[in-house]
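> Here you go, sequence then predicted model.
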Amino acid sequence: MDILISNSSGKPIYEQITSQVKEMIMNGELQGGDPLPSMRNLAQQLRISIITTKRAYEELEREGFIESFTGKGSFVRAQNKELLREEALRQIEVSLSAAAEKAKSCGISREELIDIINIIYEGE
């Protein structure tokens, strides 16, 4: 499992970990039942605090992406298709919100933005 941490990113390290693990689950790189590195091993690999990896794993578990068992470790949870769809929709909403704000600040109308989205979506 390759996770890249950027010190120049505005995101906290635990969020960088959670977003990358979610992405690996959503794109099928990680499957239900796959083991994750122990919190200690991941902290050592990334050269970060174990508290940070613990926070990331707790967040992933709270959101239903992984499950942890005392003495056994953490594993990718068998995914509910609806959960994956909701997470994808949430990510799309974040991206579209940023695009809409940028469009507004540049004086681009809603219709122009919709035209751009339609062109991109259709691949023309």
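Looks like it arrived, so ask away.

> which residues does L36 contact?
M1, V21, L42, Y57, I66, G73, S74, F75, V76 (C-beta atoms under 8 Å, 6 or more residues apart in numbering). For the C-beta atoms, the positions are set from N, CA and C on the backbone; glycine is no exception.

> now those residues: which count as buried?
The neighbour count (16 or more other C-beta atoms under 10 Å) marks V21, L42, Y57, I66, S74, F75, V76 as buried among the contacts of L36.

> Please name the nearest non-neighbouring residue to the second one.
If you skip the residues right next to it in sequence, L42 has T53 as its closest partner in space, 4.7 Å away by C-beta to C-beta, 6 or more residues apart in numbering.

> Just the element for the one you found, please.
helix 50-62 (DSSP states H and E).

> So which bits of that helix are buried?
T52, T53, R55, A56, Y57, E59, L60.

> wait, the second one sits on I17?
Yes: when contacts are counted by C-beta atoms under 8 Å, T53 is listed as touching I17 (6.9 Å).

> which residues are in contact with both of those two?
Taking C-beta under 8 Å, 6+ apart as the criterion, T53 and I17 both touch L42, L46.

> Outside of stretch 8-24 itself, which residues are in contact with it?
Contacts with stretch 8-24, where a contact means C-beta under 8 Å, 6+ apart, come from 1, 3-6, 30, 36, 42, 46, 48, 52-53, 55-56, 59-60, 63, 65-66, 87.

> right, I mislabeled it, should have said stretch 73-85
Taking C-beta under 8 Å, 6+ apart as the rule, stretch 73-85 contacts 25-26, 30-36, 38-39, 57, 60-61, 64-69.

> Only whichever of those residues are buried, select them in PyMOL.
Applying 16+ other C-beta under 10 Å to the contacts of stretch 73-85, the buried members can be selected in PyMOL as follows:
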select buried, resi 25+26+30+36+39+57+60+65+66
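
> Narrow the contacts of stretch 73-85 to those in helices?
Among these, DSSP state H puts I25, M26, M39, Y57, L60, E61 in helices.

> Just name the closest of those to Y121, please.
Of all these, Y121 sits closest to M26, with 19.3 Å by C-beta to C-beta.

> separation between the closest one and L83?
10 Å (C-beta to C-beta, to the nearest Å).
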